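Chemist: here are the coordinates; sequence isn't available:
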């Protein structure tokens, strides 16, 4: 659940990446192909949504950016794993 009184981060696999990065941008508020900054200041490309009923290929990726992890833990963000 999204709440205004806390900061949420969304762990996503951007197009062309092999690890998850954390972003504070709400996933539904950006379009496919948009560039958004991760907590580590890496710019990530929002991937195309996976058509139903297929499973997103990114679901199997669990490795997280170490820099994003450090920042998310230090700032006590509420975390979500998000797959397109």
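Modeler: On my side now, so go ahead. Quick caveat, the model's predicted, so the values are computed rather than measured. Numbering: from 1, shown residues only.

Chemist: Please report the number of neighbouring residues for the closest residue to residue 83 other than its chain neighbours.
Modeler: With sequence-adjacent residues excluded and distances taken as CB to CB, 6 or more residues apart in numbering, residue 83 is closest to residue 56, at 3.9 Å. (C-beta placed from N, C-alpha, C; glycine too.) Counted with other CB atoms under 10 Å, residues neighbouring residue 56 total 16.

Chemist: What are the phi and psi values at residue 56?
Modeler: The phi/psi pair for residue 56 (degrees, to the nearest 10) reads phi -60, psi 140.

Chemist: what about stretch 65-78, average pLDDT?
Modeler: Averaging pLDDT along stretch 65-78 yields 94.

Chemist: which residues are contacting it?
Modeler: Contact with stretch 65-78 is made by 3, 6-9, 11, 19-22, 24, 38-40, 42, 79, as judged by CB atoms under 8 Å, 6 or more residues apart in numbering.

Chemist: Go again with 7 Å.
Modeler: By CB atoms under 7 Å, 6 or more residues apart in numbering, the residues outside stretch 65-78 that reach it are 6, 7, 8, 9, 19, 20, 21, 22, 38, 39, 40, 79.

Chemist: Among the residues you listed, which pair sits farthest apart?
Modeler: Spatial extent of these (CB to CB) is set by the pair 6 and 19 at 24.6 Å.

Chemist: Show me which of those two is the more surrounded one.
Modeler: Set residue 6 next to residue 19 and count neighbours by other CB under 10 Å: residue 19 wins out with 14 against 9.

Chemist: per-residue confidence for the most far-flung residue of the chain relative to its centre?
Modeler: Using CA atoms, centre = their mean, the residue of the chain lying farthest from its centre is residue 53. It sits 21.2 Å away. Looking at residue 53, its pLDDT is 96.

Chemist: can you check residue 4 too?
Modeler: Per the predicted model, pLDDT is 65 at residue 4.
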